[in-house]
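> compute the structure for the input listed below.
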Amino acid sequence: MKRRAVIKKGALAAGAMAVLPSFKGFEEIPKGRKLGVQLFTIPKMIDVDLKGTLSLIGELGYQEVEFFGPYPFSTLSAKQDWNQIKPMLGIRNDAFYGFTIEEVSQMLKDNGLTVPSMHTDFDTLRKRLDSMLDEVAKLDTKYLVLPAIQEEKNTLDHYKRFVDEFNLFGEKMAKYDMQFVYHNHGYEHMVLDGEVPMDFLLKNTNPDHVKFELDIFWMQAAGADPISYLKAYPNSYRLLHLKDASKEFRFSGDGQTPDQWMAGFPFMSDPGDGVYDIKGIIAQAEASGVEHYFLERDLAPNPEETLKNSYKNLKKFG
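Numbers count the residues shown, from 1 in each chain. A predicted model of the protein is given here:
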């Protein structure tokens, strides 16, 4: 029996018969499609009331959530980095917001929610991977996601090293029936030494252990086309971040710095309300092997309305 299965059996047995929510607030999404919420959409809501927010997400009809860190098992460096960011986000706590991971597991079960993927950071992946995997296994998570590379990445040699690290992470995660995932943030489309780094990562990582999460906003901010990537690399993308744009947005530079990312926030809109071909992207994603679809409108200004409106819009694209 794999290590993850042993951990999960001991940690989750007590909650195995949890009662699911008795109703949903909206019509169900098309059968078979998993629709979830990346919690960076609503950080203040979960910071203040994780239990109540998970209840609302389940009642609206969403089936999944995707956490962002740092977590109790994250490195001190990762926590210190987030301490500088939290005031800008208007939040005080790290995940899991004062609860143990076992308590969070039960909350999720009570609301009919699962956590197929979680975002983490490079430092924790490099220094505390084993302890992180032991903990994450308690949530029955399948994918651990690196959402961005925030270190020097100006040559193809940097990406060659990242390929080696991604493959190593994935090999270790395989013991837990998990896979490593990389989430694009736009800078990967700056040509280096005649190569597009995004394509280099897709072509050179081990497909058995490494998958990708496609953020449609950041890819288009770099001038690339999500549908083309989904077609070109079938079965590479397993997760999709869905948000829209009130008008086309492009990075002012190479997309490498947080200030360029934050410049895009005012142009974000709920999926289905903007200029992107959300229906076409979802159709190609399903044809290309995407399994999980997450609403992620970063720091949504009206979070509860975004949750409701996005679900209403997305259920139309069956």
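> next up, the contacts around M198.
Residues near M198 by Cβ atoms under 8 Å, 6 or more residues apart in numbering: 184, 188-189, 224, 229. To be clear about C-beta, it is placed using only N, CA and C from the backbone, and glycine gets the same treatment.
> tell me which of the residues you listed fall in strands.
The members of those all map outside strands under DSSP state E.
> which one of the residues you listed is nearest to F73?
N184 (25.3 Å; Cβ to Cβ).
> from I42, how far off is that closest one?
In this view, N184 and I42 are 22 Å apart by Cβ to Cβ, to the nearest Å.
> the more surrounded of those two?
A count of neighbours by other Cβ atoms under 10 Å puts N184 above the other of N184 and I42, at 28 against 22.
> and that one, how far is that from V196?
Distance, N184 to V196, by Cβ to Cβ: 11 Å.
> H189 too?
In terms of Cβ to Cβ, H189 sits 6 Å off from V196.
> and what of E286?
Distance of E286 to V196, given as Cβ to Cβ: 25 Å.
> before we move on, what about Q150?
20 Å.
> so for the two, which sits in the more crowded spot?
Using other Cβ under 10 Å as the criterion, Q150 and V196 rank with V196 on top: 17 against 14.
> so who does the more buried one touch?
Going by Cβ under 8 Å, 6+ apart, the list of residues near V196 reads 188-189.
> how about a cut-off of 6 Å?
Taking Cβ atoms under 6 Å, 6 or more residues apart in numbering, we find V196 in contact with H189.
> and it, backbone torsions?
Dihedral angles of V196 (phi, psi; degrees, to the nearest 10) stand at phi -90, psi 110.
> ok, the one 10 residues further on next?
Reported as degrees, to the nearest 10, the phi and psi values for N206 are phi -80, psi 110.
> any idea of the pLDDT on the nearest residue in space to it that is not next to it in sequence?
Excluding the flanking residues, the one nearest N206 by Cβ to Cβ, 6 or more residues apart in numbering is N167, at 4.8 Å. Note on N167: pLDDT of 98.
> which element is N167 on?
If you go by DSSP states H and E, N167 is part of helix 156-173.
> kindly export that helix (C-alpha atoms) in CSV.
Extracted C-alpha coordinates of helix 156-173, given in CSV (Å, rounded to 0.1, in the frame of the first residue of the first chain):
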residue,chain,number,x,y,z
LEU,A,156,17.2,29.0,-20.7
ASP,A,157,19.6,27.4,-18.3
HIS,A,158,17.4,28.5,-15.5
TYR,A,159,14.5,26.7,-17.0
LYS,A,160,16.6,23.6,-17.6
ARG,A,161,17.2,23.5,-13.8
PHE,A,162,13.5,24.0,-13.2
VAL,A,163,12.8,21.0,-15.4
ASP,A,164,15.1,18.9,-13.3
GLU,A,165,13.5,20.1,-10.1
PHE,A,166,9.9,19.7,-11.3
ASN,A,167,10.7,16.1,-12.4
LEU,A,168,12.2,15.4,-9.0
PHE,A,169,9.3,16.8,-7.1
GLY,A,170,6.9,14.7,-9.3
GLU,A,171,8.9,11.5,-8.7
LYS,A,172,8.7,12.0,-4.9
MET,A,173,5.0,12.8,-5.1
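> what sits up against it?
With Cβ under 6 Å, 6+ apart, helix 156-173 has contacts from 125, 129, 179-180, 192-193, 195, 197, 200, 204-206, 209-210.
> and stretch 208-223, by the same measure?
Stretch 208-223 has contacts (Cβ under 6 Å, 6+ apart) with 145, 166, 170-171, 174, 179-186, 189, 226, 236-241, 243, 249-251, 255, 264, 281.
> just the buried subset of these, please.
With burial judged by 16 or more other Cβ atoms under 10 Å, the buried subset of the contacts of stretch 208-223 is 145, 166, 170, 174, 179-186, 189, 226, 236-241, 243, 249, 251, 255, 264, 281.
> now, which of those lie within strands?
Using DSSP E, those in strands are 145, 179-183, 237-241.
> what sits against A300?
With the criterion set at Cβ under 6 Å, 6+ apart, A300 makes contact with 41, 306.
> so how far is K243 from it?
According to Cβ to Cβ, A300 and K243 sit 9 Å apart.
> cool, T306 as well?
From T306 over to K243 the distance is 9 Å, taken as Cβ to Cβ.
> shared neighbours, these two?
In contact with both T306 and K243: R297, using Cβ under 6 Å, 6+ apart.
> what pLDDT, on average, does stretch 199-209 get?
98.
> in that stretch, what counts as buried?
Counting neighbours by 16+ other Cβ under 10 Å, stretch 199-209 gives 200-202, 204-205, 209 as buried.
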